[in-house]
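Undergrad: Quick one, structure for this:
(one chain, ligands or ions: 1)
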Amino acid sequence: MENIKIAIAGIGNCASSLIQGLDYYRDKTETDAIGLMHWTIGGYQPSDIEVVAAFDIDKRKVGKDISEAIFAEPNCTDVFCPDIPVKGVKVTMGSILDGVSEHMTDYEDKYKFITSDENESTKDDVVQVLKESGAEMLLNFMPVGSEKAARFYADCALEAGIGFINNMPVFIASNPEWAQKFEEKNLPIIGDDIKAQLGATITHRTLADLFSKRGVKLEKTYQLNTGGNTDFLNMLNRSRLSSKKTSKTEAVQSVLKDRLDDENIHVGPSDYVPWQKDNKICFLRMEGKLFGDVPMNIELRLSVEDSPNSAGVVIDAIRCCKLALERDTGGVLYSPASYFMKHPPKQYNDDEAFLMTNDFIEGNRDN
Ligand SMILES: NC(=O)c1ccc[n+]([C@@H]2O[C@H](COP(=O)([O-])OP(=O)(O)OC[C@H]3O[C@@H](n4cnc5c(N)ncnc54)[C@H](O)[C@@H]3O)[C@@H](O)[C@H]2O)c1
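TA: Predicted coordinates:
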């Protein structure tokens with residue numbers, strides 16, 4: 001079998017973890033591989049995924065081999081696989097558009113994006129790189145709030161005739177007009193906004209589901225998150241946040257028996273703490289009523305390294321996208337989207353989404 005050829009837009013912390021993972025699992029076997037939901041999907045192991053093209057706009061990354069760029073500042077995630085061989089794939093200058101928030105200028109270089117002086121790529125340039133590289137799908141890792149940049153890369157994927165995995169919360173798979181564009185070209189799309197392997201969203205959803213199943217009325221909840229990576233720095237600009245808040249809040253609301261009034265649910269990124277780097281801390285509180293209207297509450301603190309947590313899911317999304325390409329299935333892949341993403345076009349609870357995704361992998365569901 002040939003490798004699955006992927007292109008990545010945004011060589012930040014999530015891309016770093018993903019690319020490290022491709023080499024990390026190369027020497028492992030099914031029995032000693034920790035941290036994967038599936039060892040193989042459609043016969044593909046993690047190391048059967050190959051990055052053939054990459055785009056970024058930071059001068060410390062553009063023009064570098066991806067094996068070097070993934071460790072360049074301001075990336076700050078855990079290095080669990082330091083010896084990445086040179087891949088022979090250089091990071092191409094992308095199109096900046098709204099990828100860089102103005103407020104970042106106030107921060108030291110090691111924390112923020114610094115744009116490259118190279119000429120920006122046009123859509124034609126990006127499409128040409130994608131076509132020449134043989135990429136079968138493009139993964140979008142733009143910063144939150146990059147509405148124009150995310151759509152630019154989605155458009156490039158359409159034009160290049162390849163699949164698209166939208167890991168961030170600009171709504172593309174869950175926007176009917178965009179979904180239709182992929183459907184018309186018979187190209188698979190999985191989105192939007194990757195749901196981490198064991199992160200705040202899946203934990204909050206699971207507990208909310210438990211409240212429902214045990215007959216406890218949830219009355220109020222919050223999920224406060226802090227972190228010190230560029231994702232959290234970027235999200236200090238509240239004007240970029242609206243789709244992230246919608247995505248994270250809907251992920252919880254959608255599993256509740258009765259939706260909470262807006263004033264009784266608060267879910268979102270809460271602060272930027274530089275020394276936390278890629279460690280994300282989630283403080284979660286749920287208040288409810290038990291038998292006899294008697295009040296109860298639960299508080300939970302979750303500490304995770306943010307980016308490997310996303311890569312553990314992206315690695316399955318890539319292989320599901322490949323299956324769709326092999327089966328000539330285009331448009332939204334509803335089952336993988338509902339299991340892997342926070343804001344899919346259609347929400348299912350995680351038990352259902354898990355079964356649907358396994359059915360899709362087995363070939364018992366079309367999408
Ligand atoms: N870590 C997780 O678990 C997780 C979960 C869900 C969603 N996400 C989302 O995934 C996205 C990526 O996260 P990350 O932690 O890798 O972010 P990051 O800030 O580390 O990386 C973003 C990268 O995009 C580059 N970039 C900015 N504008 C660009 C443009 N116009 N063209 C090309 N490159 C550009 C930056 O230089 C940087 O390298 C974010 O939107 C984040 O919210 C992450």
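
Undergrad: Find out how far stretch 12-24 is from the centre of the chain, if you would.
TA: Offset of stretch 12-24 from its chain centre (C-alpha atoms, centre = their mean, to the nearest Å): 12 Å.

Undergrad: In PDB, could you pull the C-alpha coordinates for it?
TA: Only the C-alpha atoms of stretch 12-24 are listed here, as PDB (Å, rounded to 0.1, in the frame of the first residue of the first chain):
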ATOM      1  CA  GLY A  12       2.200  25.200  14.900                       C
ATOM      2  CA  ASN A  13       2.000  23.000  18.000                       C
ATOM      3  CA  CYS A  14      -0.800  20.700  16.800                       C
ATOM      4  CA  ALA A  15       1.200  20.000  13.500                       C
ATOM      5  CA  SER A  16       4.300  19.500  15.600                       C
ATOM      6  CA  SER A  17       2.700  16.800  17.700                       C
ATOM      7  CA  LEU A  18       1.100  15.100  14.700                       C
ATOM      8  CA  ILE A  19       4.400  15.000  12.700                       C
ATOM      9  CA  GLN A  20       6.300  13.800  15.800                       C
ATOM     10  CA  GLY A  21       3.700  11.100  16.200                       C
ATOM     11  CA  LEU A  22       4.200   9.700  12.700                       C
ATOM     12  CA  ASP A  23       7.800   8.900  13.500                       C
ATOM     13  CA  TYR A  24       7.100   8.000  17.200                       C
END
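
Undergrad: so how far is the ligand from the closest residue to Ser254 other than its chain neighbours?
TA: The shortest distance from Ser254 to any non-neighbouring residue, by C-beta to C-beta, 6 or more residues apart in numbering, is to Gln347 (3.9 Å). For glycine as for every other residue, the C-beta is placed from the backbone atoms N, C-alpha and C. Distance of Gln347 to the ligand, computed by C-beta to the nearest ligand atom, to the nearest Å: 16 Å.

Undergrad: What is the neighbour count of Gln347?
TA: Applying other C-beta atoms under 10 Å, we find 20 residues neighbouring Gln347.

Undergrad: got a list of what Asn297 touches?
TA: Arg285, Met286, Glu287, Gly288 (C-beta atoms under 8 Å, 6 or more residues apart in numbering).

Undergrad: Neighbours of the residue in the chain positioned nearest to the ligand, how many?
TA: In the chain, the residue that lies nearest the ligand is Gly12 (1.7 Å; C-beta to the nearest ligand atom). As a burial measure, Gly12 scores 26 neighbours (other C-beta under 10 Å).

Undergrad: what does Arg259 give?
TA: Neighbour tally, Arg259, other C-beta under 10 Å: 12.

Undergrad: Next one: the nearest residue to it once chain neighbours are set aside from Leu218, what distance?
TA: Among residues not flanking Arg259 along the chain, Gln253 sits closest, at 5.2 Å (C-beta to C-beta, 6+ apart). As judged by C-beta to C-beta, to the nearest Å, Gln253 and Leu218 stand 11 Å apart.

Undergrad: swap in Ser174?
TA: Counting by C-beta to C-beta - Ser174 and Leu218 are separated by 24 Å.
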